[in-house]
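Peer 1: predicted model, plus sequence, below.
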Amino acid sequence: MKIDLNEIDVINNQDARRFEVRIDDYFALIDYIPAGSNIVYSHTEVPKVFEGQGIAGKLARTALDYARDNNLKVIPLCPFVAGYIRKHPEYQPLVWGFKPKA
């Protein structure tokens, strides 16, 4: 099933501590753990039927923008989120312990 990323909305489900997208009967999500002035992104999950369509990237972008907008430092335990940050250096300053190169 082909998805138009412009037509899906990412929701911050604070009760479940995850950013999520619901498509038909499926959920795609990034779990998080609030930790004071930090936020830990622990797990990303996209149903196989929707893999490779950019949904995880949209979730990561939304989650990282949320961290930036709320002055939170990111601890990317999730390999997908960590990889997304490596590929999108504009998010690197959000990472807890980030030190810019001199």
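Peer 2: That came through, no problem. Numbers count the residues shown, from 1 in each chain.
Peer 1: run through who's touching the longest helix seen in the chain.
Peer 2: Taking DSSP state H as the criterion, the chain has its longest helix at helix 55-69. Outside helix 55-69, the residues that touch it by CB atoms under 8 Å, 6 or more residues apart in numbering are 3, 5, 8, 10, 12, 19-21, 23, 28-30, 32, 39, 41, 44, 46, 72-74, 80-81, 84-85, 88, 91, 94. Any C-beta I mention is one placed from the backbone N, CA and C, and that applies to glycine too.
Peer 1: inside helices: which ones of those?
Peer 2: Short answer: those in helices (DSSP H) are 80-81, 84-85.
Peer 1: export the residues you listed to JSON lines and append columns for distance to Arg68.
Peer 2: Formatted as JSON lines, those follow (distance: CB to CB, whole Å):
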{"residue": "Phe80", "distance to Arg68": "18"}
{"residue": "Val81", "distance to Arg68": "14"}
{"residue": "Tyr84", "distance to Arg68": "14"}
{"residue": "Ile85", "distance to Arg68": "12"}
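Peer 1: any low-confidence regions in this structure?
Peer 2: 102 (pLDDT under 70).
Peer 1: distance of the closest residue to Thr44 other than its chain neighbours from Asp25?
Peer 2: Closest residue to Thr44 apart from its sequence neighbours, by CB to CB, 6 or more residues apart in numbering: Phe80 at 4.1 Å. Taking CB to CB, to the nearest Å as the measure, Phe80 falls 23 Å from Asp25.
Peer 1: neighbour count winner among these two?
Peer 2: Phe80 (18 against 6; other CB atoms under 10 Å).
Peer 1: from Arg61, how far out is the more buried one?
Peer 2: Distance from Phe80 to Arg61, by CB to CB: 12 Å.
Peer 1: what about the closest residue to Pro93 other than its chain neighbours, is that helix, strand or coil?
Peer 2: Excluding its sequence neighbours, the residue lying closest to Pro93 (CB to CB, 6+ apart) is Pro100, at 7.2 Å. Assigned by DSSP: H, G, I helix; E, B strand; the rest coil, the conformation of Pro100 is coil.
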